[in-house]
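Colleague: coordinates only, sequence not included:
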């Protein structure tokens, strides 16, 4: 599939799933969309705790603010764009449009998968200008916005498909996917995003350029350096969902069939 020939609205619409088929003992939809379901912080030490699975109410994180949209980014679902903001709603909206928020933020989302559930789904992810995703303390991927834009400079999120506990990249440019087998697990799962505004330090942008911008040099996967600095219009974006289905127990299915057969026999006798 040539991703760039499809509109972003069509691609992201495909992340809304229609489910059907056999009867199930229990179905849970896990919404991964950015927003208040995610906790946010600018504290890297707290984010380290989150990566270790230590996420507790009142630990210093606050609900991520969404929609965190801006006039320069027009193809993403605004309700899936989020950032750290401790101001009131009006102040957060002004911060989003003027790009005056913190240049680095962390986000966490925890959810449980019941033993025996069958897992499927998909999600799209990108950030301005760098995003890193850890799941259950394991590095999964990182990506640069500069490597994932269309001809008009609009973001092209990376899209991942979920197959059981495994992830596969459907489309997008990630430097290092790490190990994608066995990423999820039964029990509590923890997604942690790191997002930074700024520039990759390379031949076109130097450490001196970073200093001139009052930025901070950060080491990122692949032996690279990134200048975390104010480049305006920061945000983190994630959209998608997972479906966890518990198959109907065989005994209940047989009981249901027996009761259905009994009802048919009763109707035939009364006819």
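Modeller: Thanks, I have it. Since the model is a prediction, treat every value here as computed from it, not as a measurement.
Colleague: which residues in the stretch 1-150 of the chain form helices?
Modeller: Using DSSP state H, counting those that start in this stretch, the helices found in the stretch 1-150 of the chain span residues 8-13, 44-51, 89-98.
Colleague: Tell me which of those helices sits nearest to residue 116.
Modeller: For residue 116, the closest of these is helix 44-51, at 27.1 Å, according to Cβ to Cβ. Using the backbone N, CA and C atoms, a C-beta is placed for each residue, glycine as well.
Colleague: Low-confidence regions, the chain specifically.
Modeller: Across the chain, the ranges flagged by pLDDT under 70 are 1-25, 249-271.
Colleague: For the helices of the stretch 1-150 of the chain, please prepare TSV with the additional fields mean neighbour count.
Modeller: Output for the helices of the stretch 1-150 of the chain, formatted as TSV (neighbours: other Cβ atoms under 10 Å):
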stretch	mean neighbour count
helix 8-13	14
helix 44-51	17
helix 89-98	15
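Colleague: Just give the nearest non-adjacent residue to residue 95, would you?
Modeller: Excluding the flanking residues, the one nearest residue 95 by Cβ to Cβ, 6 or more residues apart in numbering is residue 101, at 4.6 Å.
Colleague: Compute the number of surrounding residues for the one you found.
Modeller: For residue 101, the neighbour count with other Cβ atoms under 10 Å is 25.
Colleague: And residue 211, by the same measure?
Modeller: 13.
Colleague: Counting by contacts, list what the helix or strand hosting it packs against.
Modeller: Using DSSP states H and E, residue 211 maps to helix 207-212. Helices and strands touching helix 207-212, by 3 or more Cβ pairs under 8 Å, 6 or more residues apart in numbering; DSSP states H and E, are strand 198-200, strand 216-220, strand 224-228.
Colleague: can you list those strands in a markdown table and add distance to residue 44 and mean neighbour count?
Modeller: Formatted as a markdown table, these follow (distance: least, Cβ to Cβ, whole Å; neighbours: other Cβ atoms under 10 Å):
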| stretch | distance to residue 44 | mean neighbour count |
| --- | --- | --- |
| strand 198-200 | 15 | 21 |
| strand 216-220 | 10 | 15 |
| strand 224-228 | 11 | 21 |
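Colleague: Tell me which of the ones you listed sits nearest to residue 42.
Modeller: Across those, closest to residue 42 is strand 224-228 (Cβ to Cβ), at 11.1 Å.
Colleague: Cheers, nothing more for now.
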